[in-house]
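Undergrad: predicted model, plus sequence, below.
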Protein chains: 2
Amino acid sequence: MDEAGAQEMITPVLHPLGLWQETNRTNSAGFELMRIDDRRGASFALGGTAEEMFVDLVRKFQISYKDLPLNLYQFSSKFRDELRVRGGLLRVREFLMKDAYSFHTTEEDFKREYATMLDTYTRIFSELRLNTIIVESDNGYIGGEYCHEFIVESQTGESTFLTTEDGSYAAHEDVAVSITSPYESAETMLARTDVYGENTIGVQQLSAFLNIPVEKTTKTMLFETEKGEVIAAAIRGDLDINEAKLQLAVGCHSLQLASPDKVKDITGAEVGYAGVLNLPPSVRVFYDKSTKGRVNFEMGANKTHYHTINVNFGRDLPEPGQFYEFKLAKSGDLTSDGKKLIKRKGVEVGNIFQLGYHYSSLMNANFVDENGQELPYYMGCYGIGIGRTLATVVEIHHDDRGIIWPESIAPYQVHLIGLNLEDEEVKSQAEKVYQDLTEKNSEVLYDDRLDISAGEKFADADLIGIPYRLVVSKKTGDQVEVKKRSESESMMFSFSELLTLLD
Amino acid sequence: MDEAGAQEMITPVLHPLGLWQETNRTNSAGFELMRIDDRRGASFALGGTAEEMFVDLVRKFQISYKDLPLNLYQFSSKFRDELRVRGGLLRVREFLMKDAYSFHTTEEDFKREYATMLDTYTRIFSELRLNTIIVESDNGYIGGEYCHEFIVESQTGESTFLTTEDGSYAAHEDVAVSITSPYESAETMLARTDVYGENTIGVQQLSAFLNIPVEKTTKTMLFETEKGEVIAAAIRGDLDINEAKLQLAVGCHSLQLASPDKVKDITGAEVGYAGVLNLPPSVRVFYDKSTKGRVNFEMGANKTHYHTINVNFGRDLPEPGQFYEFKLAKSGDLTSDGKKLIKRKGVEVGNIFQLGYHYSSLMNANFVDENGQELPYYMGCYGIGIGRTLATVVEIHHDDRGIIWPESIAPYQVHLIGLNLEDEEVKSQAEKVYQDLTEKNSEVLYDDRLDISAGEKFADADLIGIPYRLVVSKKTGDQVEVKKRSESESMMFSFSELLTLLD
């Protein structure tokens, strides 16, 4: 980060709640935001990310275009009131994050920084021996228009993403787009009919039962927003809804599938028979693009056990003013250039966000340009989850005996094992190795335990996974046995060779 | 800390409240403790110190005497719900602390560690160019039996302490002890009398008015504890009460002077006429040692404008079962070996605490000894306030132009000023200096601003206070001008000399 021109600082964990109110994140962060009042009655948020804190800091200075660009970063504890934690350090309520915030005069300058950060993050992860896949992703509660995640492929991860085989396309499942073969036909409209079909579960069964192509069936699902509004989403029966995309279409912060009682209340029917026909006018309806152009399509009848066939826009339903794209992309789907998508899983270790004017305009945070005019900054933000990254390094770099730490982040560089330490000569030799390496600024963990077998010491060294294992014993004499954790062969070195080796 | 054998780790900011309940610190930390519930209903304390967290961690392992001693430390955010903050970073609600916790098999081994930490802290502060005075101090809400503070003398500090001129004695005002010349006499008891004395304010005036030595007067003060109990404290009129010591005598966590209404309610008199005679029996009375042995002494009559003279223990008041030591030591007082005390002020930058078995016994945290028996650990803890230390360094190391950072903690080692940078040759020379020094791992702040005068650049460099100021300009040619922030003369160096100088 320093090499990339960023500057380290730190902001408090307790964020004045008023700052989060300025950007409406007290609402958009939802239940994940932890709040606390002090005894004077002042309200705070426990920082989840720190956009407002950094904007508030920078806006306190009368900065000009000469002071920009500016990239500020910190390592600090972050808080998310997760309902469920999982995967050890992968998803927890309190974690260490390296977060950075950049400020720019123009979008163009931001794009240069975004590219620099993309490169910097790639290099950071590469130093940690992590291969990251950079995928387009969803903004979540951060705001802004586009962002990318750095994902390490792993079955333990909870990020699902899709890529082409050649890697030319990579996107988080929440935003991945694949083509949908349109289903349009020039049929004549037929008479709309309600068909009794008890226990026809699933679109395949339904399509067989009704003897229509599955593309003519429609899935209608009811959701409740964080404000309690119920909305309906309709998609072609052979496709699935992507809730993250639907959320964007609706313009809300969270969506929950309406409860069976709610569905019955609104449609008058049991779950499984919902459709758009005859919904109360208060329920806004969102149509996926896949529903466009169809003639004589099917829908739930909003009557238990009944399906309506031969529904048509313009006759039975008003022609929708807008079709949205909220289809869930799947393995095997094709990209717009005809390449097959593969579904993969991994851990999101970092992310970079375009924020644009989102925060600066909401917080009235400006710089003075060449002409003395006040303009909002163009912004970006960049995060790395430290604990999660550490866990991922261990996930990727281990064998059945333990961790194999990459040298760049090993807690110690050298694991020195002393054997036969009851022998004064051996003991003083081992201690000399320890002293000399320590003085040369090697980080050495010295296992000087007595009453522990050599086997146990070796097993512990493998478990802890420090890159270099050194052994000093009666057998090694004037030399030192050196073994890399990542290799199986050990070698003997004289003491002076050792210092050169580890320099 | 590493050299002293301690190991770095980190614990969360959110401490499960149950841990603080185990040690009763939910009560003893009082209002300074910030609490928060998550949405599942779990309760947490925002860590003020982390004794419980570390004990909880260690007790989860079946540790044996072979695993001890153990000293674990962290740098992390700490929280205190202070009513008032002051002095910039000196007293704030959230701050960075380096805290360490040590675990021992015996008191003897702890004492060795306590001495090691005392020495380590002294060396740390000395590297920061801070002269610390090590004073005996009060445990506050940490617990344990004894502790020492590291204080940097400064008028901005809020710690008051007393030392002898030779430094053989140094103690925080809260615990400092000085000798009190006893006032005992073999007089015959005289008849107790209430004397009318309106507006006799202060003991000197009172003693003159009553024509008795000031030592025969008595100050009686009423306090309320955190539980709402009212207690009375009586001390010789020529002395003052030390509330921290009184708190220990009472065995409570906080004391507040009773309000005038409360005083009137309890004594039946206005403030200024309180005494021990005729107090309601619910009010516990604490006598300072100085009140012992006096005959025919004075006291407030608990009647507005009245003082009672010729009061005697055993006749007018029951002979106290115990006398306490809660006198405030003052400048000019003498120590037990006859040395004069001087009152001084300073900033407490660190502290070390004996905790003994306090936490381990309350938390049932044990180790297994040589005989397989479970015993509680003997503990200590050790803290340095990072922000406060930084502020103190600036307080001590500055002149009227700005900060003079000690090299050990300067944010950059070198402040490189480029002048005449519109000249391509000068610019490339300056950039070469920047690159080469950076590659040699010097931390360089490069002032490459255009349109800023040399004077402004020099002033900014003095303000920021980086140890070495380098200038590259048209005038310096092949050389570089070097000036230390702490010195007034600059010198010219060739580029190769420079690299050697800064190595």
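TA: It's in.

Undergrad: just the pLDDT for A:Glu439.
TA: The confidence metric pLDDT takes the value 88 at A:Glu439.

Undergrad: just the buried positions in stretch A:269-282, please.
TA: Buried residues in stretch A:269-282, counted by 16 or more other C-beta atoms under 10 Å in any protein chain shown: A:Ala269, A:Val271, A:Gly272, A:Tyr273, A:Ala274, A:Gly275, A:Val276, A:Leu277, A:Leu279. (C-beta placed from N, C-alpha, C; glycine too.)

Undergrad: no, scratch that, I was asking about stretch A:76-96
TA: So, applying 16+ other C-beta under 10 Å, buried residues of stretch A:76-96: A:76-82, A:87, A:89-96.

Undergrad: and if you look at stretch A:472-484?
TA: Counting neighbours by 16+ other C-beta under 10 Å, the buried set in stretch A:472-484 is A:Val472, A:Ser473, A:Thr476, A:Gln479, A:Val480, A:Glu481, A:Val482, A:Lys483.

Undergrad: among those residues, which lie within helices?
TA: Among those, no member is found in helices (DSSP state H).

Undergrad: which one of the residues you listed is nearest to A:Arg192?
TA: A:Lys483 (77.7 Å; C-beta to C-beta).

Undergrad: list the contacts for the closest one?
TA: A:Tyr468, A:Arg469, A:Val471, A:Glu489, A:Ser490, A:Met491 (C-beta atoms under 8 Å, 6 or more residues apart in numbering or on different chains).

Undergrad: 10 Å - rerun?
TA: A:His415, A:Ile417, A:Phe458, A:Ala461, A:Asp462, A:Tyr468, A:Arg469, A:Leu470, A:Val471, A:Glu489, A:Ser490, A:Met491 (C-beta atoms under 10 Å, 6 or more residues apart in numbering or on different chains).

Undergrad: same thing with A:Lys292?
TA: Taking C-beta under 10 Å, 6+ apart, one finds A:Thr180, A:Pro182, A:Tyr183, A:Glu184, A:Arg236, A:Phe313, A:Glu319, A:Pro320, A:Phe323 in contact with A:Lys292.

Undergrad: which among the residues you listed count as buried?
TA: Buried, going by 16+ other C-beta under 10 Å: A:Thr180, A:Tyr183, A:Arg236, A:Phe313, A:Pro320, A:Phe323, out of the contacts of A:Lys292.

Undergrad: the third one and B:Val85, how far apart?
TA: Looking back up the chat, that one is A:Arg236. Distance of A:Arg236 to B:Val85, computed by C-beta to C-beta, to the nearest Å: 61 Å.

Undergrad: show me which residues of the stretch 51-200 of chain A are close to chain B?
TA: A:66-67, A:76-84, A:92-96 (C-beta under 10 Å from any C-beta of the partner chain).

Undergrad: ignore the last one, the stretch 401-503 of chain A
TA: Close to chain B, as judged by C-beta under 10 Å from any C-beta, the stretch 401-503 of chain A has residues A:Pro411, A:Thr438, A:Glu443, A:Leu445, A:Arg449, A:Leu450, A:Asp451, A:Ile452.

Undergrad: ok, of these, which come out buried?
TA: Here, 16+ other C-beta under 10 Å leaves A:Thr438, A:Leu445 buried among these.

Undergrad: give the contact list for A:Arg284.
TA: So A:Arg284 contacts A:Thr225, A:Glu229, A:Val230, A:Ile231, A:Ala232, A:Ala233, A:Val250 (C-beta under 10 Å, 6+ apart).

Undergrad: the second one contacts A:Gln256, correct?
TA: No: taking C-beta atoms under 10 Å as the contact criterion, A:Glu229 and A:Gln256 are not neighbours in contact, 11.3 Å apart.

Undergrad: find residues that contact each of those two.
TA: A:Phe223.

Undergrad: next, count neighbours for A:Asn296.
TA: Using other C-beta atoms under 10 Å in any protein chain shown, A:Asn296 has 17 neighbouring residues.

Undergrad: over to A:Glu22?
TA: Neighbour tally, A:Glu22, other C-beta under 10 Å: 18.

Undergrad: kindly report the same for A:Val263.
TA: 21.

Undergrad: look at it and report its pLDDT.
TA: 95.

Undergrad: ok so it is a helix residue?
TA: Yes: counting by DSSP: H, G, I helix; E, B strand; the rest coil, A:Val263 is part of a helix.

Undergrad: which residues are in contact with it?
TA: Per C-beta under 10 Å, 6+ apart, neighbours of A:Val263: A:Met221, A:Leu222, A:Val230, A:Leu257, A:Ala269, A:Glu270, A:Val271, A:Gly272, A:Tyr273, A:Ala274, A:Asn302.

Undergrad: swap the cut-off to 8 Å and go again
TA: So A:Val263 contacts A:Leu222, A:Ala269, A:Glu270, A:Val271, A:Ala274 (C-beta under 8 Å, 6+ apart).

Undergrad: keeping just the C-alphas, turn the lengthiest helix in chain A into CSV.
TA: Longest helix in chain A by number of residues (criterion: DSSP H): helix A:107-127. Extracted C-alpha coordinates of helix A:107-127, given in CSV (Å, rounded to 0.1, in the frame of the first residue of the first chain):
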residue,chain,number,x,y,z
GLU,A,107,-13.4,9.8,-12.6
GLU,A,108,-10.5,9.3,-14.9
ASP,A,109,-8.0,9.7,-12.1
PHE,A,110,-10.0,7.3,-10.0
LYS,A,111,-9.9,4.7,-12.8
ARG,A,112,-6.1,5.0,-12.7
GLU,A,113,-6.1,4.4,-9.0
TYR,A,114,-8.6,1.5,-9.3
ALA,A,115,-6.2,-0.2,-11.7
THR,A,116,-3.3,0.5,-9.4
MET,A,117,-5.2,-1.0,-6.5
LEU,A,118,-6.2,-4.0,-8.6
ASP,A,119,-2.6,-4.6,-9.4
THR,A,120,-1.4,-3.9,-5.8
TYR,A,121,-4.0,-6.4,-4.3
THR,A,122,-3.0,-9.0,-6.9
ARG,A,123,0.7,-8.5,-5.8
ILE,A,124,-0.2,-8.6,-2.1
PHE,A,125,-2.1,-11.9,-2.5
SER,A,126,0.6,-13.3,-4.7
GLU,A,127,3.1,-12.6,-1.9
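
Undergrad: no further queries at this time; thank you.
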